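In: sequence first, predicted model second:
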Amino acid sequence: MNPIPSIAPAPASGDAAFAFTFALLLLCPLAIAGIALINAGLGRSRSASQAMIGNLSIVALGAIVFAFVGAAFTGTLGNKDVVFYAAGKPWSVLGLGPFLLHGLSHAAPQSQLALLFEFLAVSMAALLPWGSGADRWRLAAGCASAAVLAAVVFPIAAHWIWASGWLAQLGINFSLGAGFLDPGGAATVHVLGGLSALAVVWIAGPRRGKFPKEGLSIAMPGHNAVYVLFGCLLALVGWLAFNAAGAVIWVHAPLGALPGTAIDTLLSASGALAATFSVTRFRFGKPDASLCANGWLAGLVASSASAALVSPAASLFIGAAAGIFTPLLVELFELALSIDDPSGAITVHGVSGLWGLVAAGIFSPAPGQLIAQFVGIAALLGVFLPLVYLLFALLNRIVPFRVDPDGERVGMDLHELGGGAYPEFVIHRDDSYR
Amino acid sequence: MKYAGLLVMPAGFFLTIAALVLFPDPSRRAAFVLCGLAVEAMGLAVAVRGHILPRGATRS
């Protein structure tokens, strides 16, 4: 049975609900911290410092740009939308709120919580491509792409899905379940971040020496598995908060349903880890720590769409499925499609997010919910991937994404920051450059 | 080829929108939405294929 019987018609109200949701949102940055550690740990040691300063810079710049520009287009603080009418139905395509967060202090508490959620979500979405471009993506270009995501792409997605946009209204206008459902940000954060990561990898290209002329691709393992695995544990806390807060803010779940949402989140991640552990044990003879971390995250990402909406058994299944396909797709993307994605964000966030959205529709009892989810996925793939690719390709002409070959050889730390993350340790040379 | 694939993907999206507008019948609407997704998948496949580098090459 669904732990949240139905989408309650009225938002959770009252000071206690506001305080509880606000406290949950204060825990969400732990998910960002976890992703930052994972991004740094899965890159090379000679780029670790650049990876971490990049994580911080992207979060900071994403927040600033979203405050100045992006928040206006989500329409969270305003009540004006750009609406056109087709087939007798309103299609709200863009929010038109005040710039510079004008009027924030007078906004309704629910709107303020929604805006804070969006701030955290845009920081996380902008962070995801950074790990995929590790070891060759310039810091300036990473920051510029975060600004583009926060100013243009994320606000449009957030308006369509979370605010009064046409995807959120599919249930009212076309009787498709409760409209496109994404309480934890599987679409607006993870699929968007995963598709952005794909665009970055396509534009920047693979790391030098990754795909030699003959033989299989060269393995370039992450430099610190402890960072990666500890990042996974930190991310769990943040995800529990994201999913619970999202359930309250976006689908108006009663506070009493939140323990069920948290249990579903944990079960999804656990099922995914168990599945990835088994798959890598079967494929390679021993479990792979890096892929297990990817599996754990994939379970969390899939839960972002579904944890507030499905039963614990369904969550376990959703996570296990994500844990099975994640290591296989990581391998497929690298070996068959020449996609060099050090953090695995394309699979972990992009594909698992899509799976979570589909699964939320499959396990929903509402008629038409699955079609609503498919329409949302069609929008993500058909609008946002080409849009992000176009914007990043233009940006690449202004701020080149890829570091020069010498910078890649000496490492991003020395090239961009003038000093390494581990100055007292000898960094081994890379044989692939000989 | 990579750009052709990326241009096909919005076409699939507009097919799903057309399904919403043109077909009130749930089964037909579902079929056309799935067709739109299939078109997007084909566009994505073309774009992915267009981005596969020859072995040994590195985009600069």
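Out: Cool, the structure landed. Numbers count the residues shown, from 1 in each chain, chains lettered A, B, ... in the order given.
In: quick one: neighbours of the residue in the stretch 151-300 of chain A that chain B sits nearest to, just the number.
Out: Going by Cβ to the nearest Cβ, chain B is nearest to residue A:205 of the stretch 151-300 of chain A, at 2.8 Å. (Each C-beta comes from the backbone N, C-alpha and C, glycine too.) Residue A:205 has 22 neighbours, counted by other Cβ atoms under 10 Å in any protein chain shown.
In: tell me the pLDDT at it?
Out: Looking at residue A:205, its pLDDT is 93.
In: likewise for residue A:7?
Out: pLDDT, residue A:7: 44.
In: and residue A:431, by the same measure?
Out: Residue A:431 is given a pLDDT of 55.
In: what does chain A have sitting close to chain B?
Out: A:86-87, A:89, A:170, A:174, A:202-208, A:210-214, A:337-338, A:367-368, A:371, A:374-375, A:377-379, A:381-383, A:385-386, A:389-390, A:402, A:405 (Cβ under 8 Å from any Cβ of the partner chain).
In: give me the low-pLDDT residue ranges for the chain?
Out: All of this refers to chain A. A:1-13, A:426-434 (pLDDT under 70).
In: my bad, chain B
Out: Using pLDDT under 70, chain B drops low at B:54-60.
In: can you do 90?
Out: Applying pLDDT under 90 to chain B flags residues B:1-3, B:52-60.
In: residue nearest the centroid of it?
Out: The residue lying closest to the centre of chain B (Cα atoms, centre = their mean) is residue B:40, at 1.3 Å.
In: distance between the helix or strand hosting that residue and the chain's centre?
Out: Using DSSP states H and E, residue B:40 falls within helix B:26-51. Chain-centre distance of helix B:26-51: 4 Å, with Cα atoms, centre = their mean, to the nearest Å.
In: for stretch B:38-57, same thing?
Out: Going by Cα atoms, centre = their mean, where stretch B:38-57 is centred and where its chain is centred differ by 12 Å.
In: one more: stretch A:316-323?
Out: 18 Å.
In: check stretch A:34-41 too.
Out: Worked out by Cα atoms, centre = their mean, stretch A:34-41 lies 13 Å from the chain centre.
In: would you mark the buried spots in that stretch?
Out: When neighbours are counted by 16 or more other Cβ atoms under 10 Å in any protein chain shown, the buried residues of stretch A:34-41 are found to be A:34, A:35, A:36, A:37, A:38, A:39, A:40, A:41.
In: can you redo those residues as TSV with secondary structure?
Out: As requested, these are exported to TSV (DSSP: H, G, I helix; E, B strand; the rest coil):
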residue	secondary structure
A:34	helix
A:35	helix
A:36	helix
A:37	helix
A:38	helix
A:39	helix
A:40	helix
A:41	helix
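In: sorry, back to before: show me what the helix holding residue B:40 is packed up against.
Out: Packing partners of helix B:26-51 (3 or more Cβ pairs under 8 Å, 6 or more residues apart in numbering or on different chains; DSSP states H and E): helix A:369-379, helix B:2-22.
In: who does the first one touch, helix- and strand-wise?
Out: When you say that, I think you mean helix A:369-379. Counting by 3+ Cβ pairs under 8 Å, 6+ apart, the packing neighbours recorded for helix A:369-379 are helix A:170-174, helix A:352-362, helix B:2-22, helix B:26-51.
In: for residue A:94, which of those is the nearest?
Out: helix B:2-22 (16.2 Å; Cβ to Cβ).
In: in chain A, which residue is closest to the centre?
Out: With distances taken as Cα atoms, centre = their mean, the residue of chain A nearest its centroid is residue A:190 (2.5 Å).
In: I'd like to know how many residues surround the residue of the stretch 1-150 of chain A found nearest chain B.
Out: Per Cβ to the nearest Cβ, residue A:87 is where the stretch 1-150 of chain A lies closest to chain B, at 4.1 Å. Residues lying near residue A:87 (other Cβ under 10 Å) number 13.
In: then residue A:53?
Out: By the criterion of other Cβ under 10 Å, residue A:53 has 17 neighbours.
In: ok, it - contacts?
Out: Going by Cβ atoms under 8 Å, 6 or more residues apart in numbering or on different chains, residue A:53 touches A:139, A:417.
In: and it, which of the three is it?
Out: Assigned by three-state DSSP, the conformation of residue A:53 is helix.
In: spell out the secondary structure type for whichever residue of the stretch 301-434 of chain A sits closest to chain B.
Out: At 2.6 Å from chain B, residue A:382 is the closest residue in the stretch 301-434 of chain A, using Cβ to the nearest Cβ. Assigned with three-state DSSP, residue A:382 falls in the helix class.
In: thought residue B:20 was touching residue A:375?
Out: Yes. Using Cβ atoms under 8 Å, residue B:20 is in contact with residue A:375, at 6.7 Å.
In: who has more neighbours, those two?
Out: residue A:375 (27 against 24).
In: excluding chain neighbours, give the residue nearest to that one in space.
Out: residue B:16 (5.4 Å; Cβ to Cβ, 6 or more residues apart in numbering or on different chains).
In: next one: residue A:138
Out: residue A:403 (5.2 Å).
In: check residue B:9 too.
Out: Leaving aside its chain neighbours, residue B:9 sits nearest to residue B:43 (3.9 Å; criterion: Cβ to Cβ, 6+ apart).
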